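> Give the three-dimensional model of this entry:
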Amino acid sequence: MNRTGLFIGLALWLVIGVVFGLYPELDLKLASLFFDPETKTFPLKLNDWAGFARDAAMWVAWAFVAPSIVALVVKMFRPDRPLLVPGRTIVFLLVTIILSAGILTNLTFKTYWGRPRPVVVTEFAGDQQFVPWWDPRGGCARNCSFFSGEGATAFWTLAPAALAPPAWRPLAYTAAVVFGAVTSGLRMAFGGHFFTDVSIAGLVTFVVIWFGYALIYRWPRTRFSDEAVDAALTRLNMPAYRLRQRLFGRKTSAEPSV
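Okay, the predicted model is just below:
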């Protein structure tokens, strides 16, 4: 998560955006690699093992988030106890996945960017007109193609990779990129997304993670400590905790643990 990585990510974003913007037919050519003209389908979409792999990829990604969610819930009910997961880890993982795989993907682009999925365009036996990645005026009404939510979620595993021990970090980054690429390849093979949908999803997610890591861990003016997060959550949840204790006739601690 250094400046070199950011420059590489932005450069790839620029190259892919310009090349596929000038030559949008490249998206169709790549999608056609997975399409069977005889059956007029994307055959891998009907494969049970491929479908299981698609679902499992999302389980793997959310498995990295689950401990942070559990730690927050426990802290809500027992603010007098320290967090089970470091505070900055909770903030970093939850904020980045909500932004990349939630707000930017499903609440912004996929809602207002009407690009049809490959499986429904006329080139692949569908009934809608193909549009390039930059054109939001497609015929899709909801849950559209640009950009890929599952691609963003898979590439989000770069976030937990950034928290790996320094000696293991290069391997963790490599595994996250491969995981994101394979998952995105499955989405293309199913006819669910074009190459630009999944590649731009990965690059947007990387940029969100890069700035999130810099704000929380690197930049002196914005970074904070695990203890500060724990103390803030204690202050936030303590009034409700004391109220519950009084209602059930239990004694409350004189001071919180943080």
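> Help me confirm that residue 196 comes into contact with residue 27.
Yes. With contact defined as C-beta atoms under 8 Å, residue 196 counts as touching residue 27 (5.7 Å). C-beta coordinates here come from the backbone N, C-alpha and C atoms, glycine included.
> Residues in contact with both of these two, list them for me.
Both residue 196 and residue 27 are contacted by 20, 132, 133, under the criterion C-beta atoms under 8 Å, 6 or more residues apart in numbering.
> So, low pLDDT: which residues of this protein?
Judged by pLDDT under 70, the chain has its weakly predicted residues at 250-258.
> Please enumerate the helices of it.
Taking DSSP state H as the test, the helices found in the chain are 3-22, 25-32, 48-77, 87-97, 110-112, 149-155, 158-162, 169-189, 195-213, 226-247.
> between the fourth one and helix 195-213, how many degrees?
On the basis of axes from the mean of the first three to the mean of the last three C-alpha atoms, to 10 degrees, helix 87-97 is oriented at 150 degrees to helix 195-213.
> ok, now which ones touch the most centrally placed residue in the chain?
The centroid of the chain falls nearest to residue 153 when counting by C-alpha atoms, centre = their mean (3.1 Å). Neighbouring residues of residue 153 by C-beta under 8 Å, 6+ apart: 58, 61, 62, 97, 100, 101.
> 10 Å - rerun?
Contact partners of residue 153, counting by C-beta atoms under 10 Å, 6 or more residues apart in numbering, are 57-58, 60-62, 65, 97, 100-102, 105, 180, 183, 201, 205.
> now the residues you listed: which count as buried?
Buried members of the contacts of residue 153, scored by 16 or more other C-beta atoms under 10 Å, are 57, 61, 65, 97, 100, 101, 105, 180, 183, 201, 205.
> Spatially, what comes nearest to the first one if we skip its sequence neighbours?
Nearest in space to residue 57, with sequence neighbours left out and distances taken as C-beta to C-beta, 6 or more residues apart in numbering, is residue 183 at 4.3 Å.
> Kindly report the same for the fourth one.
The shortest distance from residue 97 to any residue that is not its chain neighbour, by C-beta to C-beta, 6+ apart, is 5.2 Å, and that residue is residue 156.
> what's the neighbour count on that neighbour?
29 (other C-beta atoms under 10 Å).
> Please apply the same query to residue 206.
By other C-beta under 10 Å, neighbour count at residue 206 equals 27.
> tell me the contacts of it?
1, 5-6, 8-10, 12-13, 100, 152, 155-156, 158-159, 176-177, 180.
> Residue 93 now?
64-69, 85, 156, 159-160, 162-163, 209, 212.
> now do residue 144
109-117, 120, 136, 138, 197.
> Roughly how far does it sit from residue 61?
The gap separating residue 144 from residue 61 is 21 Å, by C-beta to C-beta, to the nearest Å.
> next one: residue 183
Residue 183 is 8 Å from residue 61, by C-beta to C-beta.
> overlap in contacts of those two?
150, 153, 154, 155, 157.
> Adding distance to residue 235, write those residues out as JSON lines.
Output for those, formatted as JSON lines (distance: C-beta to C-beta, whole Å):
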{"residue": "150", "distance to residue 235": "37"}
{"residue": "153", "distance to residue 235": "32"}
{"residue": "154", "distance to residue 235": "36"}
{"residue": "155", "distance to residue 235": "35"}
{"residue": "157", "distance to residue 235": "32"}
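> and the closest residue to residue 207 other than its chain neighbours, how many residues sit next to it?
Ranked by C-beta to C-beta, 6+ apart and with sequence neighbours excluded, the top spatial neighbour of residue 207 is residue 9, at 6.1 Å. If you count neighbours by other C-beta under 10 Å, residue 9 ends up with 18.
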